[in-house]
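Peer 1: next comes the sequence, and after it the predicted model I'd like to discuss.
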Amino acid sequence: MEARFGFVPVASVLVDGAEQLEPIIGSVADALREVGGQMISADDIAVDLPVFYLVATGGTENLILELTALRSISVQDEPVLLLAHPGNNSLPAALEVLARLQQDGVPGRIIYLPGAGDVAALGQVTDAAEDLRVRRVLRASRVGLVGAPSDWLVGSMPAADIVRDVWGPEVVDVRLGDLVDRMAAVPDDVAEKAADALASGATGCVEPTRGELLDVARVSEALRGIVSAEKLDALTVRCFDLVLNQKTTGCFALSELTDSGVIGGCEGDLVTTIGLMWTRLLTGETPWMANPAQLDEAANALWLAHCTVPRSMVESYRLRSHFESGLGVGIQGVIANSPVTLVRIGGARMERVWIAEGAITASGDAENLCRTQAFIELSDGHVSDLLTAPLGNHIVLVPGHHAARLRSWWESMIA
């Protein structure tokens with residue numbers, strides 16, 4: 001099995017070598033190896049893996065603090081994960097270390113391993129390793145901001161340094177003019193092929209003309225070029241400028257990008273784009289960005305709607321015009337009735353989160369809303385929160401119930 005994380009045993013100076021250490025941690029170390037762990041030494045503390053500190057004995061408090069300081073030279077701002085077991089004063093030492101780390105403002109947690117066969121505890125270890133992996137991926141990511149955030153996102157305009165400091169991704173500014181220039185350079189045969197693929201998968205095409213299909217295909221190809229040139233992992237586009245100035249839309253392009261593995265966010269909304277990245281990385285599911293269009297407090301339910309949706313998420317789709325403008329191409333998809341989780345990041349430093357669970361129970365086709373519409377009844381969380389303490393407009397919907405997992409990650413890595 002390929003190593004998923006490293007663990008470094010830390011024992012007091014009274015433990016003389018591997019022969020004395022083996023009876024203390026042998027069974028725990030074997031169990032950690034079985035779930036993807038690789039034992040490392042203090043010399044390997046900068047290893048390119050998530051790292052746990054296995055507190056073998058008491059009397060190790062200063063040794064662990066020294067190791068965490070050494071690790072921080074190569075890996076900045078990483079939460080410290082301590083593994084404690086029932087014997088040899090392991091837990092008391094871990095408690096003392098975490099108390100000191102928290103006094104110093106260093107995030108961390110203790111995972112207690114009651115025995116080598118404790119499946120739940122080992123599950124916490126693998127979850128924590130995955131948490132660190134997601135954090136590392138986010139901190140190595142590049143997010144393109146194509147144009148500025150849309151003017152109406154008055155509560156969703158974090159500075160690039162806040163995005164970097166709190167969540168990790170580097171924000172890369174891309175001129176909207178670069179996108180327009182690339183659109184003009186897309187060969188006709190490439191645009192024809194992309195437009196054909198879009199149309200062939202649809203159950204119908206209501207308003208869009210062939211010319212409009214070709215235009216949105218050019219937007220898609222142009223954004224792919226920007227992703228490649230700037231080495232982006234995600235992007236968000238000031239798409240209404242395309243509507244106003246180019247008479248076309250980015251709805252198809254952002255759907256296509258997300259389905260290809262590159263998150264595509266709308267309206268220059270960096271906050272929600274980070275939410276899309278986070279939920280996909282942690283859950284493995286393809287997320288959808290949408291507006292809360294209507295809500296019912298008594299039923300604890302709401303309608304979400306947007307003119308784009310990843311086509312891999314829908315059972316079927318029709319091609320419509322963009323709702324607000326009547327121009328270009330919007331996607332009217334039908335998302336299956338199924339369990340979902342809703343997520344919204346917010347706060348002045350993107351340090352807050354709203355998470356709820358429920359189920360899609362209906363899809364809609366109202367003409368006074370954005371084209372893809374889903375009705376969600378909440379089972380965990382309250383739609384009234386959106387009225388009393390909103391974190392912003394756009395909501396991320398991800399298939400499945402993941403609230404506990406997402407909250408755990410946020411509490412460990414952000415809160």
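Peer 2: That came in fine, so what should we check first? Numbers count the residues shown, from 1 in each chain.
Peer 1: contact partners for residue 107?
Peer 2: Contacts for residue 107 were tallied using Cβ atoms under 8 Å, 6 or more residues apart in numbering; they are 79-80, 101, 412-413. C-beta coordinates here come from the backbone N, C-alpha and C atoms, glycine included.
Peer 1: can I get these in TSV with distance to residue 183 and secondary structure?
Peer 2: As requested, the contacts of residue 107 are exported to TSV (distance: Cβ to Cβ, whole Å; DSSP: H, G, I helix; E, B strand; the rest coil):
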residue	distance to residue 183	secondary structure
79	43	coil
80	48	strand
101	51	helix
412	42	helix
413	38	helix
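Peer 1: tell me which two in those residues are the farthest apart.
Peer 2: By the measure Cβ to Cβ, 101 and 413 form the most distant pair in the contacts of residue 107, at 14.8 Å.
Peer 1: circling back to that earlier point, closest one to residue 43 out of the contacts of residue 107, please.
Peer 2: Closest to residue 43, out of all of these and judged by Cβ to Cβ, is residue 80, at 18.8 Å.
Peer 1: the closest one: neighbouring residues, count only.
Peer 2: 22 (other Cβ atoms under 10 Å).
Peer 1: tell me what it is bridged to.
Peer 2: residue 108 (DSSP bridges).
Peer 1: could you look up the SS state of the residue nearest the centre of the chain?
Peer 2: By Cα atoms, centre = their mean, the chain has its centre lying nearest to residue 278, at 0.8 Å. Three-state call for residue 278 (DSSP: H, G, I helix; E, B strand; the rest coil): helix.
Peer 1: you'd agree it is up against residue 138?
Peer 2: Yes. Counting by Cβ atoms under 8 Å, residue 138 is a contact partner of residue 278 at 7.0 Å.
Peer 1: most neighbours of all the contacts of residue 107, which one?
Peer 2: residue 80 leads those on contacts (other Cβ under 10 Å) with 22 neighbours.
Peer 1: can you show me the strands along the stretch 151-300 of the chain?
Peer 2: Counting by DSSP state E, counting those that start in this stretch, one finds strands in the stretch 151-300 of the chain at the ranges 170-174, 204-205, 234-237, 263-266, 288-296.
Peer 1: including distance to residue 90, could these go into a markdown table?
Peer 2: Listed next are the strands of the stretch 151-300 of the chain as a markdown table, based on distance: least, Cβ to Cβ, whole Å:
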| stretch | distance to residue 90 |
| --- | --- |
| strand 170-174 | 39 |
| strand 204-205 | 64 |
| strand 234-237 | 41 |
| strand 263-266 | 41 |
| strand 288-296 | 45 |
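Peer 1: can you point out the buried residues in stretch 97-115?
Peer 2: 97-98, 100-101, 106-111, 113 (16 or more other Cβ atoms under 10 Å).
Peer 1: the helices in this protein, which residues?
Peer 2: 17-34, 61-74, 90-103, 119-139, 160-162, 176-185, 188-200, 210-230, 239-241, 251-260, 270-283, 384-388, 403-413 (DSSP state H).
Peer 1: how about residues contacting the first one?
Peer 2: Read it as helix 17-34. By Cβ under 8 Å, 6+ apart, helix 17-34 touches 7, 9, 11, 15, 37, 39, 52, 54, 56-57, 83, 85, 87-88, 113, 115-117, 122, 125.
Peer 1: which of those are buried?
Peer 2: 7, 9, 11, 15, 37, 39, 52, 54, 56-57, 83, 85, 88, 113, 116, 122, 125.
Peer 1: quick check: of the contacts of residue 107, which lies closest to residue 329?
Peer 2: For those, the minimum distance to residue 329 (Cβ to Cβ) is 37.7 Å, reached by residue 413.
Peer 1: which of the buried ones among the contacts of helix 17-34 fall within strands?
Peer 2: 7, 9, 37, 39, 52, 54, 83 (DSSP state E).
Peer 1: OK, contacts around the second one?
Peer 2: Which is residue 9. Per Cβ under 8 Å, 6+ apart, neighbours of residue 9: 21, 25, 29, 39, 54, 56.
Peer 1: walk me through the domains of this structure.
Peer 2: Per automatic domain parsing, the structural domains of the chain span 5-139, 142-413.
Peer 1: need these in TSV with mean pLDDT, can you?
Peer 2: Formatted as TSV, the domains of the chain follow (pLDDT from 0 to 100):
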stretch	mean pLDDT
domain 5-139	93
domain 142-413	96
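Peer 1: out of these, which one sits most buried?
Peer 2: domain 142-413 (a mean of 19; mean count of other Cβ atoms under 10 Å).
Peer 1: against residue 257, how distant is residue 308?
Peer 2: 10 Å (Cβ to Cβ, to the nearest Å).
Peer 1: which residues does residue 10 form a beta bridge with?
Peer 2: residue 55.
Peer 1: ok, now which ones touch it?
Peer 2: Neighbour list for residue 10: 53-56, 60, 63-64, 67 [criterion: Cβ under 8 Å, 6+ apart].
Peer 1: name the nearest residue to residue 192, ignoring sequence neighbours.
Peer 2: Nearest residue to residue 192 in three dimensions, chain neighbours excluded: residue 214, at 6.9 Å (Cβ to Cβ, 6 or more residues apart in numbering).
Peer 1: let me know whether the one you found touches residue 195 as I believe.
Peer 2: Yes. Between residue 214 and residue 195 there is a contact under Cβ under 8 Å: 5.1 Å.
Peer 1: how much space between residue 359 and residue 225?
Peer 2: Taking Cβ to Cβ, one finds residue 359 at 39 Å from residue 225.
Peer 1: now do stretch 290-298: everything it contacts.
Peer 2: Residues contacting stretch 290-298 (Cβ under 8 Å, 6+ apart): 301-306, 309, 369-370, 372-374, 383-384, 386-387, 393-395, 397.
Peer 1: make it 10 Å
Peer 2: 266, 272, 301-309, 342, 344, 364, 366, 368-370, 372-378, 382-384, 386-387, 390, 393-397 (Cβ atoms under 10 Å, 6 or more residues apart in numbering).
Peer 1: of those, which belong to strands?
Peer 2: The strands, defined by DSSP E, take in 266, 301-306, 342, 344, 372-378, 395-397 from the contacts of stretch 290-298.
Peer 1: can you pull the contacts of residue 92?
Peer 2: Contacts for residue 92 were tallied using Cβ under 10 Å, 6+ apart; they are 55, 58-59, 61, 84.
Peer 1: repeat the analysis, applying 7 Å as the threshold.
Peer 2: residue 58 (Cβ atoms under 7 Å, 6 or more residues apart in numbering).
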